[in-house]
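Colleague: Prediction below, plus the sequence it came from.
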Amino acid sequence: MQRSMGTALALVGLCLGTDAASPNLGVRLEPDAHADPLIRTSPAAAAPERPHAEDVVDYRLTARLDPDAHTVHGEGRIVWRNMSRQPVQDLWLHLYLNAFKNDQSVFLRERVGGRGSTRPSDWGSVDVRRLALASPDGAEVDLLPAMQTRGGDDGADETDAHVALPRKIATGESIELAVAFDDKLPSVVERTGYVGSFHMVAQWFPKIARLEPDGTWAHFPMHHLAEFYADFGTYDVTLDVPEAFTIGATGPVVEARVAGGRRIERHVQSDVHDFAWTAWDRWRALHETIAGVRVTVLFPPGHEHVAARDLAAVRFALPYEASRYGAYPYDVLTVVHPEDNAREAGGMEYPTLITAEGPWWTPDDVLAPEIVTVHELGHQWFYGLVATNEAAWPFLDEGLNQYAEADAMAAWKGPGSAANVFGLRVSDAALQAVASQRGVHDGPVAQSASAFSSGAKYGQLVYARTAAVLETLARVYGIEATLGEYARRFRFEHPTPDDLLAVVAENLGPGVAATLRTALFDKGWVDYAVDGVWSRRAESPAGLFDRDGRRETQTATDQGHYEGGATVHRRGTLSFPVDIELVLDDGSRQRVRWSGEEAETRIPWQGSVGLRAVRVDPDDRVVIDANLENNAAQINPPSGPAPRVLERLALVAQAALQWLGP
Ligand SMILES: [Zn+2]
């Protein structure tokens, strides 16, 4: 999912907040990204890519849309296999649309700011009409009486239903369920719903929770900030809408026909863990085959230009992300660009279907639509293929994907990867770095979505902090190949933070993995500071000296060279090796490398010219450095504002320009 207005605009908004006066904003206007890392590491050997997921749950459904009543009638069969090591005698079904049934749902009670915080003007719900366990002899056991939908702390939530089964299901055994259900879509609220005849149909069917290998169910009510978690399988869904409507859905169309004023399309996709679709009688479409994938952009009339920008983003990012994180294994990709009045449906990811965002008039210089499209496309890997538990560990999808977004944007657009207005450029990575400083001391990055106290804190830590930490590791150690190895090794799997840390330890060493763990789990922070520079003409010893029983007075004589030095500190709980740059009186520069392991180092200087200034981390590799104002010190600073202050003013100015646009 994308943060509300899209990362660029939202984070520029942050820049204009009270922190605009803080010293940290004067950072990283210099070109960045994709320089060689400070420490060279040998790239990881790429793991072979698994061709398919383990087939755990198959849905064969039909869904009929009534666009006037905003209802969907669904029915069909679900085949589920117990792939855990334990027999089970129950099921958990997620009924997510009930998050919008009334204001007593966990989702609507938890409104903590950010998207989805507005109560829908028209409620939504899903009612399960039929749930039956099929037997090989054709008999059925009605499970509806054994379904308990009331959950949450006080039984008011209806998004997490428990179903007792009449018998134990053995390890490896399959069961088949017959289901029928009626959806009432809400006015578009978060990710799903309708506006007029526009319908975004997501989280719309009774969905079996994931059974972990140890036989425990990973089930949860729909939380305000949390996303989803499910097993892989095949979705075979036949959609039935009025003839005038255009459909976009997960997976390719395998059958299509028009009959009796209805448009019927059957979409089938294996190796996925969700299915979403849209239907609207005003969709326009762009089609292009990109890297062998049939890409469709669905957009409203008048949005031709921004739709072309979405397509251009896919044209760059689809092959780019595949080269980074493994091949895109599906034949199709659909980009759905809702109208601005349905923005809550935008900026979201589903298997082979993503939703974009941005008003038709978005200035070309503000790359918010591109960032949203690249972000949601990145989720095809960090969510789609690497299917982590998004409720328990949101940083594993949103955080890693935010890094992937900034990385791809930098590779595509260079230093102006978020905005390039009147010659002022700001990068996506710089926006992450600025936002990542907020909230660092308030709580860990690595916690469940529901543990965050506000949408803002969730954005700062899960998205921006993870991205900035990974960007730091990329610039210092080169983490790209390691993340690629992680994505390939856990393709079609459900890894945990320990799996990520193990790949980091394997590729970059246990020290780097420990640093990453501290940054994610223990509110790790760091501040490098140059705390003093001195330089003078070297002189011979002077004073009173007792030699051979006599006291001599010795006066200083010039030794013909300079001596000096600097003290550099590392504060905080994280450490990274850094360069320290000495700027000499003749303008030349020299660098020394510091491991950064100790709390302090002293850099001596001796030479034919004096020392003028010292700067730690001159290439801005440690983008999470808590205070960049203290990264340099000089002897006899010139009068007038320091260059950093000027840079800060420039950033605020450009932020204002973007915010006030078009
Ligand atoms: Zn996201």
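Modeller: Looks like it came in fine. Numbers count the residues shown, from 1 in each chain.
Colleague: going forward, measure contacts and count neighbours with C-alpha atoms only.
Modeller: OK.
Colleague: OK, contacts around whatever residue of the stretch 501-650 of the chain ends up closest to the ion?
Modeller: Distances between the stretch 501-650 of the chain and the ion by Cα to the ion are smallest at Leu520, namely 17.9 Å. Contact partners of Leu520, counting by Cα atoms under 8 Å, 6 or more residues apart in numbering, are 444-446, 466.
Colleague: Try it again at 6 Å.
Modeller: Listed by Cα atoms under 6 Å, 6 or more residues apart in numbering, the contact set of Leu520 reads 445-446.
Colleague: Could I get the pLDDT score of it?
Modeller: pLDDT for Leu520: 98.
Colleague: Got phi/psi on it?
Modeller: Main-chain dihedrals, Leu520, degrees, to the nearest 10: phi -90, psi -40.
Colleague: distance of it from Arg262?
Modeller: 51 Å (Cα to Cα, to the nearest Å).
Colleague: So which helix or strand of the protein has the lowest pLDDT on average?
Modeller: Least confident helix or strand, the chain: helix 7-15 with a mean of 41, by mean pLDDT, DSSP states H and E.
Colleague: then the helix or strand following that one to CSV, C-alphas only?
Modeller: Counting by DSSP states H and E, the next helix or strand C-terminal to helix 7-15 is strand 57-66. Taking Å, rounded to 0.1, in the frame of the first residue of the first chain, the C-alpha atoms of strand 57-66 are listed here in CSV:
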residue,chain,number,x,y,z
VAL,A,57,-5.7,-23.3,-1.5
ASP,A,58,-7.7,-23.1,-4.7
TYR,A,59,-10.7,-20.9,-5.2
ARG,A,60,-13.2,-21.5,-8.0
LEU,A,61,-15.8,-18.8,-7.8
THR,A,62,-18.3,-16.9,-9.8
ALA,A,63,-19.1,-13.3,-9.0
ARG,A,64,-22.0,-11.3,-10.3
LEU,A,65,-22.0,-7.5,-9.9
ASP,A,66,-25.1,-5.4,-9.5
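Colleague: which strands and helices sit next to strand 57-66?
Modeller: If you count contacts as 3 or more Cα pairs under 6 Å, 6 or more residues apart in numbering; DSSP states H and E, strand 57-66 packs onto strand 71-81, strand 233-242.
Colleague: Out of those strands, which is closest to the ion?
Modeller: Closest of the helices and strands packed on strand 57-66 to the ion is strand 233-242, at 22.4 Å (criterion: Cα to the ion).
Colleague: Buried residues in that closest one, which are they?
Modeller: 233-242 (16 or more other Cα atoms under 10 Å).
Colleague: for stretch 121-134, same thing?
Modeller: Quick answer for stretch 121-134 (16+ other Cα under 10 Å): 122-128, 130-134.
Colleague: Quick one: residues contacting the residue of the chain found nearest the ion.
Modeller: With Cα to the ion, the shortest gap between the chain and the ion falls at Met1, namely 3.2 Å. Met1 is in contact with 347-348, counting by Cα under 6 Å, 6+ apart.
Colleague: Just the element for Val179, please.
Modeller: Per DSSP H and E: Val179 is located in strand 174-184.
Colleague: pull the CA atoms of that strand into PDB?
Modeller: Taking C-alpha atoms only, strand 174-184 is exported to PDB below (Å, rounded to 0.1, in the frame of the first residue of the first chain):
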ATOM      1  CA  SER A 174      -7.500 -31.800   1.300                       C
ATOM      2  CA  ILE A 175     -11.000 -30.700   1.900                       C
ATOM      3  CA  GLU A 176     -13.500 -29.100  -0.400                       C
ATOM      4  CA  LEU A 177     -15.900 -26.400   0.700                       C
ATOM      5  CA  ALA A 178     -19.000 -25.200  -1.100                       C
ATOM      6  CA  VAL A 179     -19.500 -21.500  -0.500                       C
ATOM      7  CA  ALA A 180     -22.000 -18.800  -1.300                       C
ATOM      8  CA  PHE A 181     -21.900 -15.200  -0.100                       C
ATOM      9  CA  ASP A 182     -23.300 -11.700  -0.700                       C
ATOM     10  CA  ASP A 183     -21.200  -8.600  -0.700                       C
ATOM     11  CA  LYS A 184     -22.500  -5.200  -0.200                       C
END
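Colleague: Run the chain-centre distance for that strand.
Modeller: Averaging C-alpha positions (Cα atoms, centre = their mean, to the nearest Å) puts strand 174-184 32 Å from its chain's average.
Colleague: Let me know the next secondary structure element after it.
Modeller: Sequence order places strand 193-195 as the next helix or strand after strand 174-184, per DSSP H and E.
Colleague: What is the distance between that following strand and the centre of its chain?
Modeller: Taking Cα atoms, centre = their mean, the mean C-alpha location of strand 193-195 is offset from the chain mean by 26 Å.
Colleague: Name the next helix or strand following it along the chain.
Modeller: strand 198-201.
Colleague: returning to what we had before: ok, the residue of the chain closest to the ion to Thr472 distance?
Modeller: 23 Å.
Colleague: same deal with Ala209?
Modeller: According to Cα to Cα, Ala209 stands 36 Å off from Thr472.
Colleague: same question, Ala345
Modeller: Ala345 is 33 Å from Thr472, by Cα to Cα.
Colleague: Comparing the two, which residue is more hemmed in?
Modeller: Ranked by neighbour count (other Cα atoms under 10 Å), Ala345 and Thr472 place Ala345 first, with 28 against 22.
Colleague: Pull the contacting residues for that one.
Modeller: Ala345 touches 191-192, counting by Cα under 6 Å, 6+ apart.
Colleague: and it, what pLDDT?
Modeller: Each residue has a pLDDT score; the one for Ala345 is 92.
Colleague: Also Gln437?
Modeller: 86.
Colleague: Excluding covalently adjacent residues, which one is nearest to it?
Modeller: Ala626 (6.6 Å; Cα to Cα, 6 or more residues apart in numbering).
Colleague: pLDDT weak spots in the stretch 101-250 of the chain?
Modeller: 114-116 (pLDDT under 70).
Colleague: how about 80 then?
Modeller: Low-confidence segments of the stretch 101-250 of the chain (pLDDT under 80): 111-118, 136, 152.
Colleague: where exactly do the helices run in it?
Modeller: Applying DSSP state H, counting those that start in this stretch to the stretch 101-250 of the chain gives helices spanning 106-109.
Colleague: mind checking how far the nearest residue to Arg282 once chain neighbours are set aside is from Trp80?
Modeller: Closest residue to Arg282 apart from its sequence neighbours, by Cα to Cα, 6+ apart: Pro300 at 6.4 Å. Plainly put, Pro300 is 38 Å away from Trp80 if you go by Cα to Cα.
Colleague: ditto for Ala404
Modeller: According to Cα to Cα, Ala404 stands 33 Å off from Trp80.
Colleague: which of these two has more neighbours?
Modeller: Between Ala404 and Trp80, Ala404 has the larger neighbour count (other Cα under 10 Å), namely 27 against 20.
Colleague: which SS state does that one fall under?
Modeller: helix (DSSP: H, G, I helix; E, B strand; the rest coil).
Colleague: any idea what sits nearest it, other than its immediate chain neighbours?
Modeller: In space, Ala404 is closest to Gly378, 6.6 Å off (Cα to Cα, 6+ apart).
Colleague: Quick check: pLDDT value at that neighbour.
Modeller: pLDDT, Gly378: 98.
Colleague: How many residues are close by it?
Modeller: Residues contacting Gly378 under the criterion other Cα under 10 Å number 29.
Colleague: which phi and psi does it have?
Modeller: The phi and psi values for Gly378, taken as degrees, to the nearest 10, are phi -60, psi -30.
Colleague: What is the longest helix anywhere in the chain packed up against?
Modeller: Secondary structure of the chain per DSSP state H: the longest helix is helix 304-325. In terms of contacts (3+ Cα pairs under 6 Å, 6+ apart), helix 304-325 is packed against helix 480-489.
Colleague: so the helix it packs on versus helix 304-325, what angle?
Modeller: 90 degrees (axes from the mean of the first three to the mean of the last three Cα atoms, to 10 degrees).
Colleague: Going by neighbour count, list what's buried in helix 480-489.
Modeller: 480-489.
Colleague: Show me what secondary structure element comes after that helix.
Modeller: Note on helix 480-489: by DSSP H and E, the next helix or strand toward the C-terminus is helix 497-508.
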